[in-house]
Every structure is written in structure tokens, then in C-alpha cells.
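J.: model the structure of this input:
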Amino acid sequence: MRNRLAVLAVSLFPAVASAEVFENRVDECPPRAPGVSALTTSSNVLYVNDCLPNGCAVIRGTTSSITNTSSIASQNTTMSAWAHGPEAWAEVMECVKETFAPFNITVVTTNPGNAAHFEVMAGGTSQELSPSIMGAGGIAPSINCSANRNNQLAFVFAGQTSNKQYLCNAIVHEAGHMYGLSHSLDGRDPMTYMALSEPKEWTNAAQTCGTTTPQGCSCFSGTQNTFRSLMDTFGLAPSLAQPALEILTPRTGAYVPPGFAITARYTSPLEMLEGGMSIDNGTRQDVANNVFAWNAPATLAAGPHSVAVSATDYADRNVMQSVSVTVMASCASAPCAGGFSCLGGLCYPAASVDGGLGASCEGNGDCSTNRCESDGENAHCTATCDAGNVCPSGFTCLDDSNVCWPEEGGGCSASGSPATLLFGLGALVLVRRRRRA
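T.: Next up, the predicted model:
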């Protein structure tokens, strides 16, 4: 999860700017041709330069992070050093690294020297770089969309605000421009101008480009998807954990009632793109509010069925798990088949079946009745007695507890002694007496 940086009460400068104002110094950026991935042979190193201790000398000329040369600078100049202290710098860098964490992009704060890299200088003011960009929070050169270009140099004017979340967003934003991304109207994304003091994350969604109103995307036809663009360009981080999915209920092979509950646990270091559940390859029911929980239709026919749960994360990584279950038949209007017992209107399997009525159990989830009880020595799957204290053959209705318990010789412990019966997470002390109808 993203760390939410402390936001200081400061007067923020306008949103980070694009170098498109320097029309005679940037390459044209036509829509990217289908199948063409920009920057595919470029460096995955992003150097964030604090310009300590004496500022960063910038030479006016053809942009190069190797020589600290920029076509945006109005003249040779020096950008002031980071002025907010080491603790603030560490927090901002942690935020920048976390934002880029899904991708094979290495954020460094030590000068890579002559090795190919992209660079963002974080210091000084827009006035120091060029008087014509007064008020901007940062600026980056545009690049040709199909170029495999390294050694680009962008700027974030950290001398104009001490808001750490804003500075993190600005660094990530300007790096995004160097990677060929346009401004976005999706307020969740780092390429937006919206709510710049709030945490951002690369968003796997079709985003309309623009600052305040829709505009054409520089390197994409129609819309841009920043997450997929960076994933296609740099790949995923090698250390990025795989997503995992586990169906918690029901267990595979379980006998279940109509309308049975389905729950699952899904984990991924990335946001979930989509998820859902289907029965017998039927219509998928989507995940609601990131909660993997559903109820099967109460009208689902008795007999065997397959339940499948799937999820896809922002990196388009899909996981799926399935279980096989048997919906128990009703005995309200017809007797149960051989080997099954009628209780509570349903035909439960015998104790010889895993989870059957009277079978040994360790928890409620082990039982087709969803109820596991113990007398202190033995635990069995049980259920509430029918009206009139009636239980199936081989079971007796316990006085005070109102549950059907295996009769003596059928798995019960010492007769006539007190027994503690566990009801889910709670416990009640009950007396095992046969109830007289």
C-alpha cells in the first residue's frame, strides 16, 4: 500500500508543466503506430538529483543528462540544491520508488555518470531555469514516440514548495513525460493535474488525455493507459510478487445446501483489475467492493457442480481456482436416497462421507451442516433437531442443546455425563440428556 506522506500547510505552485511551450525545441510527437513500443532499448535507470551540496550547473544546449545540458534552459545556469533536509528527501524518495515499484525501473540518487539514464533534477526554481516558465512546478522535454532515446533531463522546482507529496508526484510526473506519457484527466494517475498533494498510482485504465479539458494524447491514438505503457516499455519488476487466490468456502468435494456461501482470499502487490465467480462455466458474478464473497442461487439444482473464482491484477496477471461440490437434495416432498438422512428438510450424507452428518470434524467448515460440536473428547458434524425432538435413525436429540448427536455406540463418549458443546467460536456447557418428546 502507498505511504501517505505528511502534507505541510504551504502555498502550492501551479501544476507541473509540459515542455510543449517550447515548440521550437521539442520533437513532433505523432500518434504511436500500432505495435510500436517506445523506449524499448532505453535505460531503466531514473536518477533523481538533489543537487547537493552546491547546486547543479545546467548548460544550455541539446538535452543530455550525461552532461547536464538542457534545451529548456534559457542560458547557462545553476539550479539551487534541495533545501528541505535529509528526512524530507528520504520520504520523497521512498514515495517515488514505491510509485515505480511495479516496473523494472531502478530509481537511484547517486549519479550514474556516463551510463545511460533518465534524470530529474529536484531543486531550484523555474526562474533559475528560464524566466519564461515562471510558476511551473516542473518541466520535461517531449520525446518522439517511437524513439529509443536515453539521457533525457527533466526538472522539478523543489525550491518553490516543501509539500513532500506534491514533490513526489511532480518527480514521477516529469519522468512520465520523458517516457512518452501525456497529461491525464484521471485524478488517480501521476500524469494528472488534479489533487497534486494526494497520493497517485499508475492506473490500468483507458485515460482521456488533457489537463482540465480533453486533449489528444501525444503518443497514443484516442486514450492512454499509463500502467500498460510502462509495463510494455520496461517490464515488471523482477521482485514483484505473484498474485495468489484461495477458495476458503466451500471445500472441494463438500456437500452443500442450496444458496451456499462462496468466499475466497486474493492477494497481489498490485491493485485488482477485475475478479469474479462462476458456477458450471455460467455467467460470472463480479467482485463487489474488492470482497470475494457470494451466495450460490437457491434454485441451483441438486447434484454435482463446479465453482470457479478468478482475479486479474493491474499487470494483467490472472489467477483462477475451482472446487467441485454437491448440492444436497430436499427431503421436504420426497424421501432421501440410500445412505442419506433427512434433517431440516435436506438430505445429508452419512458419517462415512467426509463432512457427513455425524462425521468427525475440527471446525464448522468441515461439515455439510456447517456445525461442528464437541463433548470434550469427540467432535462431530451435527445439526438442530427437527420439530418434536426428531432426529434421523442413529442419532438422539440432546436435551437443552437441541442438536442431533450420534447415539451410544455410534461415536458418542461417556453416557450421561456433562458435555461442553462448541458452537462456532463460542462455548456452552450443556447436559447430554435424551429429550423426551
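
J.: low-confidence ranges, this structure, go.
T.: Residue ranges of the chain with pLDDT under 70: 1-41, 143-148, 409-437.

J.: T63 versus the one residue sitting closest to the centre of it, what's the distance?
T.: The structure's the chain has its C-alpha centroid closest to E271; by CA atoms, centre = their mean the separation is 2.3 Å. To T63, E271 is 34 Å away according to CB to CB, to the nearest Å. Where you see a C-beta, it was placed from the backbone N, CA and C, and this is true even at glycine.

J.: before we move on, what about L52?
T.: Per CB to CB, L52 is found 22 Å from T63.

J.: same question, H183
T.: Using CB to CB, H183 is found at 20 Å from T63.

J.: more neighbours, L52 and T63?
T.: The neighbour count for L52 versus T63, taken as other CB atoms under 10 Å, is higher for T63 (24 against 14).

J.: so what's the more buried one up against?
T.: Contact partners of T63, counting by CB atoms under 8 Å, 6 or more residues apart in numbering, are T69, S70, S71, I72, P141, N151, Q152, L153.

J.: quick one: the helices in the stretch 101-250 of the chain?
T.: Here the stretch 101-250 of the chain has its helices, by DSSP state H, counting those that start in this stretch, at 126-129, 164-178, 226-234.

J.: buried ones in the first one?
T.: With burial defined by 16 or more other CB atoms under 10 Å, the residues of helix 126-129 counted as buried are S126, Q127, E128, L129.

J.: who's in contact with the third one?
T.: E128 is in contact with T77, T78, M79, S80, F157, G159, counting by CB under 8 Å, 6+ apart.

J.: what does the first one give?
T.: For S126, the set of contacting residues under the criterion of CB under 8 Å, 6+ apart consists of I133, M134, G135, A136, I139, F157, Q160.

J.: run through the bridge partners of S360.
T.: Taking DSSP bridges as the rule, S360 bridges to H380.

J.: one step back: now the helices of the stretch 101-250 of the chain as CSV including distance to A101?
T.: Listed next are these as CSV, based on distance: least, CB to CB, whole Å:
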stretch, distance to A101
helix 126-129, 29
helix 164-178, 11
helix 226-234, 11
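
J.: deepest-packed of those, please.
T.: For the helices of the stretch 101-250 of the chain, the stretch with the most neighbours on average is helix 164-178, a mean of 27; neighbours defined as mean count of other CB atoms under 10 Å.

J.: centre of the chain to that helix, how far?
T.: In terms of CA atoms, centre = their mean, to the nearest Å, the centre of helix 164-178 is found 22 Å from the chain centre.

J.: so which elements touch that helix?
T.: Under the contact definition 3 or more CB pairs under 8 Å, 6 or more residues apart in numbering; DSSP states H and E, helix 164-178 sits against helix 85-100, strand 118-122, strand 138-139, strand 153-156.

J.: so for G216, which of the ones you listed sits nearest?
T.: For the helices and strands packed on helix 164-178, distance to G216 was read as CB to CB. The smallest value, 20.1 Å, belongs to strand 138-139.

J.: within the sheet, what are the partner strands of that closest one, with directions?
T.: With DSSP bridges as the test, strand 138-139 is paired with strand 153-156 (antiparallel).

J.: farthest-separated two in the contacts of T63?
T.: Across the contacts of T63, no pair lies farther apart than I72 and N151, at 14.5 Å, counting by CB to CB.

J.: got the phi/psi numbers for the closest residue to N290 other than its chain neighbours?
T.: For N290, ignoring the flanking residues on the chain, the nearest one in space by CB to CB, 6 or more residues apart in numbering is M272 at 6.3 Å. For M272, the backbone dihedrals (degrees, to the nearest 10) come out as phi -80, psi 130.

J.: check contacts around M272.
T.: By CB under 8 Å, 6+ apart, the contact set of M272 is Y266, V287, N290, A311, T312, D313, Y314.

J.: just the buried residues out of the contacts of S126, in PyMOL syntax.
T.: Restricted to buried positions by 16+ other CB under 10 Å, the PyMOL selection for those reads:
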select buried, resi 133+136+139+157+160
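
J.: what is the nearest of the contacts of S126 to T233?
T.: Using CB to CB, I139 is the member of these that lies nearest T233, at 21.6 Å.

J.: name the SS class of R265, please.
T.: When classified by DSSP: H, G, I helix; E, B strand; the rest coil, R265 comes out as strand.

J.: ok, now which ones touch it?
T.: When contacts are counted by CB under 8 Å, 6+ apart, R265 is found next to L245, E246, L248, F292.

J.: please tell me how far G123 sits from A90.
T.: Taking CB to CB, one finds G123 at 16 Å from A90.

J.: please identify which of those two sits among more neighbours.
T.: Taking other CB under 10 Å, G123 and A90 do not tie; G123 has more neighbours (23 against 12).

J.: what separation do you get for the residue nearest to the centre of the chain and R188?
T.: 10 Å.

J.: hmm, back to that, make JSON lines out of the contacts of M272 and add secondary structure.
T.: Formatted as JSON lines, these follow (three-state DSSP):
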{"residue": "Y266", "secondary structure": "strand"}
{"residue": "V287", "secondary structure": "coil"}
{"residue": "N290", "secondary structure": "coil"}
{"residue": "A311", "secondary structure": "strand"}
{"residue": "T312", "secondary structure": "strand"}
{"residue": "D313", "secondary structure": "strand"}
{"residue": "Y314", "secondary structure": "coil"}
